[in-house]
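**Student:** Model the structure of this input:
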Amino acid sequence: MQRPWWNIGALDLVNFFLADVRGAFGPYLGVFLVTQQHWNQAAVGLIATMDGLAGLAVHAPWGALIDAARCKRALLVTGLTVLALGAMAVAWWPSFAVVMTAKTVMAVAGAGFGPAVAAMTLGLCPPHALAWRLG
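**Tutor:** Below you'll find the model as predicted:
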């Protein structure tokens, strides 16, 4: 069964912007907290370490959940919503507890983006084309 071309193009755009959103927020947050909120670099490093460990710890469970779920797009949209709400919380209430919680929740939500995009790619492409699409 031939899939419509716009599904693949839309998925490519989502994947492109997801990489930009996830990759750019951490450095921006560090600069914001040090220069505008006058945090010390050790506190920013602690937050980055903790959210990195949390994100790393949930990669395998996220992959299993996404493989088992039938609503992969809904999981992706939920993760994006969590990411947006976390970024707003950091901007509005830049206290240590809020930033630590928001960044950890954002890391946990963000860990599901890669498996979700890969699963949706597999759903839109034939299995023999998966390596080419992911490459």
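**Student:** how close does residue 102 sit to residue 80?
**Tutor:** Here residue 102 is placed at a distance of 15 Å from residue 80 (CB to CB, to the nearest Å). Using the backbone N, CA and C atoms, a C-beta is placed for each residue, glycine as well.
**Student:** same check, this time on residue 93
**Tutor:** In terms of CB to CB, residue 93 sits 21 Å off from residue 80.
**Student:** can you check residue 134 too?
**Tutor:** Taken as CB to CB, the span from residue 134 to residue 80 is 21 Å.
**Student:** So these two - more neighbours on which side?
**Tutor:** Neighbours were counted for residue 134 and for residue 80 using other CB atoms under 10 Å; residue 80 has more, 17 against 12.
**Student:** how close does the more buried one get to residue 86?
**Tutor:** Residue 80 is 11 Å from residue 86, by CB to CB.
**Student:** got it, and residue 39?
**Tutor:** For residue 39, the distance to residue 86 equals 17 Å [CB to CB].
**Student:** more neighbours, these two?
**Tutor:** residue 86 (24 against 17).
**Student:** Find me the pLDDT at that one, would you?
**Tutor:** pLDDT, residue 86: 92.
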